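K.L.:
Below are the sequence and a predicted model; questions follow.
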Amino acid sequence: GKTIITESGKPALIRFANNLPVNDPVGIGEPVSVIHRHGGFQAPQDDGYPMNSFASGQTRDYYFPCVPEGGLAQNEVSCLWYHDHSVDATAANVYRGLMGFNMNFDALDSKLGEDDTNPAALRLPGKMSADGTQRLYDIPLGIADRTIDANGQLVYNNFGHDGFIGDPRLSVNGKIQPYFTVQRRKYRFRLFNCCNARMLQLYLVVNGTAVPFHSVIGSDLSLYEKPLFNVGSLRMGPAERFDIVLDFSKFAAGAQVYIENRMVQINGRKPEDLAATGPKILKFSVGSSTPVNNSRVPAILRACPEGLSYLLPKVQFERTFEFGRSNGAWTINDKFFDENRIMAKPKLGVPEIWTLKAGGGWSHPIHIHLTEFYILSRNGLAPPLVERGRKDTVRVGWKDGDVKILINFTGYTGRYVFHCHNLEHEDMRMMANIELQP
């Protein structure tokens, strides 16, 4: 799908038209759609509730207010995506390509980027082209695994309820093993794990040797308080994102720089482990030009005065959700998704601690709609540095273990969902309703 650019304080009304074929001979997916802006802060009727589908030949307008959660500037979002969220058909529809990116900007992380003359602006790499039609040096990268047959058609197993794992030669923005000629300067990349079930462990490789990522500036939907420099690798479950900066001025002209996935996974249950090397999924060819630019990675990105330390003393409720398996399908607290069942009723503005558990050696990336949260611990230990920013998706189970998060809903009342973002698990009922109370 098209990349949507929004700005905080400028509401967006977007019409989606369903032109899906009703009798598709390929036999993958369903001709219904529901749009969920993943990581967005929007009213229930515009959040993409799985039952609110519209059929082929119909349109649906979605209103995105583009205001941060709680109205706080510290909660501004930057790195979102949108995708199909149809009940029982999300996995197949997303697999066929019903997804796209949403880059959101505000006065601090502005659309002008490195050209912004406002002294308070971050001036991160990126800017708009002179005609305003393209985003330069700031590029979303959607990483996905697909299987293609000899006729060039997508192959999908409609009965693979453990989670679909495609060809390890991953695609980036719909192309398999693409290359990108870059200038010797800083670039900003938004990394998206768009796989149905595959976990990634990404490395930056030059001449066969892994080198650190220059800086990681955000995770999932928002920027960190401070950048992390020289990060060795990035682990990403389905739907997780990282916002990074690569400085190609550090490499000689003609250098071949790769992003490589070293996580081995052969089924939807869980990864196997890391390999010494892995498929090269994207090649950067470093050009000879070294243009003058004003981009930077400042020491302070987005301050959070009402962040984790502010919310933790205000916690009033604790809940536990266990993600399990029953009769070949998937459960939360031993229950299959039922649109008429409310699993929890959090109160607006009242922080809670949720414990997320998974057994059986399975891995589950858990996504919670409407809000962002902080990871407090994994198996009682502090999370790694790259997971200490605000999140909307978190890995549970396998080597990631049980997780405690601090969550605080604000702004909207009504019914939302949380679910596993292994999309085959979601379709096979690993999803639950919450109803937000005033």
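P.N.:
Received, thanks. Residues are numbered from 1 along each chain as shown.
K.L.:
which residues are in contact with the helix or strand in which Ser215 is found?
P.N.:
Secondary structure from DSSP states H and E places Ser215 in strand 213-219. By CB atoms under 8 Å, 6 or more residues apart in numbering, the surrounding residues in contact with strand 213-219 are 78-79, 124, 186, 188, 204, 223-224, 227-232, 234, 240-247, 250, 297, 301, 386-387, 389-391. C-beta here means a position set from N, CA and C on the backbone, and glycine is covered the same way.
K.L.:
now those residues: which count as buried?
P.N.:
78-79, 124, 186, 188, 204, 223-224, 227-228, 231, 234, 240-247, 297, 301, 386-387, 389-391 (16 or more other CB atoms under 10 Å).
K.L.:
What about those, which are in strands?
P.N.:
Within the buried ones among the contacts of strand 213-219, residues falling in strands by DSSP state E are 79, 186, 188, 204, 223-224, 227-228, 231, 234, 241-247.
K.L.:
The residue nearest to Pro346 when sequence neighbours are not counted: neighbour count?
P.N.:
Excluding the flanking residues, the one nearest Pro346 by CB to CB, 6 or more residues apart in numbering is Phe409, at 5.2 Å. Residues lying near Phe409 (other CB atoms under 10 Å) number 25.
K.L.:
wait, doesn't Phe409 sit right on Leu348?
P.N.:
Yes - between Phe409 and Leu348 there is a contact under CB atoms under 8 Å: 5.7 Å.
K.L.:
Quick check: neighbours shared by those two?
P.N.:
Joint contacts of Phe409 and Leu348 (CB under 8 Å, 6+ apart) are Leu436.
K.L.:
For Val396, see how far away Gly97 is.
P.N.:
According to CB to CB, to the nearest Å, Gly97 stands 28 Å off from Val396.
K.L.:
So between these two, which is more surrounded?
P.N.:
The neighbour comparison of Gly97 against Val396 (other CB under 10 Å) goes to Val396, with 24 against 16.
K.L.:
how about the more buried one, what does it touch?
P.N.:
Applying CB under 8 Å, 6+ apart, the residues near Val396 are Phe323, Leu356, Lys357, Ala358, Ser363, His364, Pro365, Ile366, Asp402, Val403.
K.L.:
what's the closest non-adjacent residue to the fourth one?
P.N.:
Spatial nearest neighbour of Ala358, excluding adjacent residues (CB to CB, 6+ apart): Gly397 at 3.2 Å.
K.L.:
And for Gly401, the neighbour number?
P.N.:
Residues near Gly401, counting by other CB under 10 Å: 16.
K.L.:
which residues touch it?
P.N.:
Neighbouring residues of Gly401 by CB under 8 Å, 6+ apart: Arg378, Asn379.
K.L.:
Quick check: it vs Glu225, distance?
P.N.:
To Glu225, Gly401 is 25 Å away according to CB to CB.
K.L.:
Which pLDDT does the model give the residue nearest to Ala358?
P.N.:
We have a pLDDT of 96 for Gly397.
K.L.:
how far away is it from Asn422?
P.N.:
10 Å.
K.L.:
Name the residue in the two with the higher neighbour count.
P.N.:
Legend: neighbour count by other CB under 10 Å for Gly397 and Asn422, higher for Asn422 (32 against 23).
K.L.:
ok, now which ones touch that one?
P.N.:
Contacts of Asn422 by CB under 8 Å, 6+ apart are Gly163, Asn196, Ala197, Pro238, Gly268, Ser363, His364, Pro365, Met430.
K.L.:
Mind doing that once more with 7 Å?
P.N.:
Counting by CB atoms under 7 Å, 6 or more residues apart in numbering, Asn422 touches Gly163, Asn196, Ala197, Pro238, Gly268, His364, Pro365.
K.L.:
Out of the residues you listed, which is nearest to Glu30?
P.N.:
Asn196 (15.3 Å; CB to CB).
K.L.:
Does the closest one touch Asp162 like I think?
P.N.:
No - taking contacts as CB atoms under 7 Å, Asn196 lies outside contact range of Asp162: 10.7 Å.
K.L.:
Looking at the two, which is more packed in?
P.N.:
Per other CB under 10 Å, whichever of Asn196 and Asp162 has more neighbours is Asn196, with 28 against 19.
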